[in-house]
Each structure stands twice: as structure tokens, then as C-alpha cells.
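[1] generate coordinates for the sequence data below:
(one chain, ligands or ions: 2)
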Amino acid sequence: MSIKLKCLSHTPLRGLNDPGADVVREVDTVLAQARAEVEAFDPELIVIFAPDHYNGLFYDLMPPFVIATAAESVADYQTLPGPLSIPRDLALEMTKFILDQDVDIALSHRLQVDHGCTQTLEELTGSLTRYPAIPIIINSVAPPFGPYRRVRKLGEAVGKFLATLNKRVLILGTGGLSHEPPVPLLSGAPDEIANFLIAGRNPTPEARAARQARTIAAGKIYGTEACAQTPLNEEWDLAFIDLLTNRRLAEVDDFRIDEISKAAGRSTHEVRTWVAAFAALAATGPYAARKDYYRAINEWIAGYGVVSAEQA
Ligand SMILES: O=C(O)/C=C/c1cccc(O)c1O
Ligand SMILES: [Fe+2]
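    Ligands and ions are numbered 1, 2, ... in the order given. This next block holds a predicted model:
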């Protein structure tokens, strides 16, 4: 068994509302390096912890955690269409193992996944099918959320399963850090938006285009006085990265959901995917981690970070 980890932000505004050329180049370089490392590692399996943004999962039945044996990209924003390459039997075995560890997880044999999953797969591997990959979706955008300790326990269960395999495994976490894009809240929503949040699967191309235009417009004013959304919080982001790289993962058990939303933005909870990823790695033994990159990028509505880790 050999395990490596990468956790990184995603943003559908990359290429649609870019910051200055220097910053774009900087991020391109970091991602090219990460991709080269993945290529050199040549994983036999990827486990990707990802959020969903009301593209595959809705309030008609909103699970805290879902593992998929088959999944298709909704190709939102500029992401790739098509199915992921999921090893069905292994995903089923992993599901049973997680349940046996007293962690409840939903199972999907036909999941739709969005940029929260596919952007990172594409950025790090060049496609959605290059390597066998098992997606685990952690609800990070549709409140209410379970406590962070439950996410840590999910990660631990996955890590214990990975330790039983004699494989090179890449664990990915995608989303965060601090940010609050204009994703609506169910609480207090007018009927039309509430209906979308409850059962908005397979929107029309016009509805998708309108959503994309709203996000781009938000990116143009994000972090200014004209923007009502919670701004990026570099201090929070760096403290979180520090916690992970210094192996203080148990501290997430004290995280307060409302405090994080207020301090760093409602979508900051996408870092739940990072918590699960690190917990999975930690369950296989001691690890060494490093911060590869951080910058608060308003144009992308992203406290944008990249962190790598591996077994020590
Ligand atoms: O769900 C959407 O339409 C937009 C999501 C988004 C926007 C900006 C940054 C992100 O990380 C997002 O996921
Ligand atoms: Fe996101």
C-alpha cells in the first residue's frame, strides 16, 4: 500500500473571470506540478472526496455522505462531460466496510456529479477516466450539516479500508477554502428557488447559462463593498492549512458550523472534503504534509489553496 494526498480548491470561474495574468500563471504552474506528481505516482485508485452544488443532490433527499458505483458529469460551467471510471465492485466493498465501521453512508448506482468533483479530476489527471476513481460526496453546501467529527470518522473508515488494499492510492479533497458564491439558501427562499433546491435536476441550458452568468457577475464584485457575500478570510484559511500540515486534525471536532459560515463564508464547509481526505490518510499511519500554494483570489471567489501529503 502506498498513499498520497492532494487537497485543493476548485472554482468554476477559472477561465471565465480570471485574475491578472501573473496569478493565472502562478496557479497554472502549481497545478502543472501537482499533475506531474500524480503522473509519476501512477495511482491504481483515486478516492475523491467532493461536494455537490445542487447539481446531483437536492433536498428531495439530501444525504450527508454518498458513495457512487457509477457517476456522470453534468458538465456545468466549462467542465468535461461523460462518465467517471468507477471500479464498481471495489466501491461496493468500500461501502460495506464503511457501514461496518458504524458510519452511515448513502449509496448511488447512478450519481450526477458537478464541477466540485470533475474540475479537480481533470486538473490533476487530464480527464475523468484516466484512473479508476471512487467519488464520495460530502454535503458541504446544503445545510444543515452534521458535525465535523462525523466527517473525520468517515475519512477514518475510508482510510482503514484503503489500508487493506495492496495498491497505490491517491486521496483527493476538493473545495474551499473560505468563500461564499451566490448559491441560494432554502431557508426563506421564494417558491421558484425553493423548488429548484428541492428538485432542480437536469436544468435547461438557459437555466444553466443564467446561473453561470450570476456567478460571473458575483466574481466581478466579490470582496468589494458592492458585494453582500461574506468575503474571503486569509487568516482562517492559513490557520486551517496549518492545522492539517501540523497533524492537529482532531481539533476539527471543535469546529462550530455557524461560526465558520460567519467568519469565512457559507461554502467554506467544502473543507469537509479536506478533513475526510486527511483523516483517511492519517488512519493509515503517520503522514508528512506541505502547503504548496495559497492566495485569496476574489475574481474566482476562492481562498485558493493546494496542499499535499503522504505517508511518512
Ligand atoms: O454552484 C455554483 O454555481 C457555483 C459554485 C462556485 C462558485 C465559485 C467558487 C466555487 O468554489 C464554487 O463552487
Ligand atoms: Fe464549490
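[2] going forward, measure contacts and count neighbours with C-alpha atoms only.
    OK.
[3] how many neighbouring residues does whichever residue of the chain sits closest to ligand 1 have?
    Residue of the chain nearest ligand 1, by CA to the nearest ligand atom: Thr11 (4.0 Å). Thr11: 22 surrounding residues under other CA atoms under 10 Å.
[4] i'd like the first residue to be 208 from this point on
    Renumbered: residue one is now 208, and that last one reads Thr218.
[5] quick check, pLDDT for the residue lying closest to it once chain neighbours are set aside.
    Leaving aside its chain neighbours, Thr218 sits nearest to Trp507 (6.1 Å; criterion: CA to CA, 6 or more residues apart in numbering). Note on Trp507: pLDDT of 98.
[6] so who does Trp507 touch?
    Thr218, Pro219, Leu220, Arg221, Asn224, Asp225, Pro226, Gly426 (CA atoms under 8 Å, 6 or more residues apart in numbering).
[7] related to what we said a few turns ago, let's verify the residue of the chain closest to ligand 1: helix, strand, or coil?
    Under DSSP: H, G, I helix; E, B strand; the rest coil, Thr218 falls in the coil class.
[8] just checking, it touches Glu506?
    No: with contact defined as CA atoms under 8 Å, Thr218 does not count as touching Glu506 (9.9 Å).
[9] after the helix ranked longest in the chain comes which helix or strand?
    The residue-count maximum for a helix in the chain (DSSP state H) belongs to helix 228-248. Sequence-wise, the next helix or strand downstream of helix 228-248 (DSSP states H and E) is strand 252-257.
[10] now the helix or strand following that next one: average pLDDT?
    Note on strand 252-257: by DSSP H and E, the next helix or strand toward the C-terminus is strand 272-275. Mean per-residue pLDDT for strand 272-275: 98.
[11] give me the residues contacting strand 272-275.
    With CA under 8 Å, 6+ apart as the test, strand 272-275 has contacts from 293, 298, 302, 311-318, 341-346.
[12] next: stretch 304-315.
    Defining contact as CA under 8 Å, 6+ apart, one finds that stretch 304-315 is touched by 270-277, 302, 360-361, 364-365, 368.
[13] now, the most widely separated pair of those residues?
    Largest separation among these by CA to CA: Ala277 and Lys360, giving 23.9 Å.
[14] pull up the residues of the chain that are close to ligand 1.
    Residues of the chain that fall close to ligand 1, judged by CA under 6 Å from any ligand atom: His217, Thr218, Pro219, His260, Gly382, Pro388, Val390, Ile508, Ala509.
[15] ok, the third one touching His260?
    Yep, that's Pro219 we're talking about. No: taking CA under 8 Å as the definition, Pro219 is not a contact partner of His260, at 11.3 Å.
[16] to which secondary structure element is Val376 assigned?
    strand 375-381.
[17] now do the contacts for the nearest residue to Tyr429 once chain neighbours are set aside.
    In this structure, Tyr429 finds its nearest non-sequential neighbour in Asn505, 5.6 Å apart by CA to CA, 6+ apart. With contact taken as CA under 8 Å, 6+ apart, Asn505 is in contact with Pro226, Gly426, Tyr429, Gly430, Leu439.
[18] quick check: neighbours shared by Thr218 and Glu506?
    Counting by CA under 8 Å, 6+ apart, Thr218 and Glu506 have no contacts in common.
[19] count the neighbours of the nearest residue to Ser474 once chain neighbours are set aside for me.
    Leaving aside its sequence neighbours, Ser474 sits nearest to Glu387 (CA to CA, 6+ apart; 5.1 Å). Using other CA under 10 Å, Glu387 has 25 neighbouring residues.
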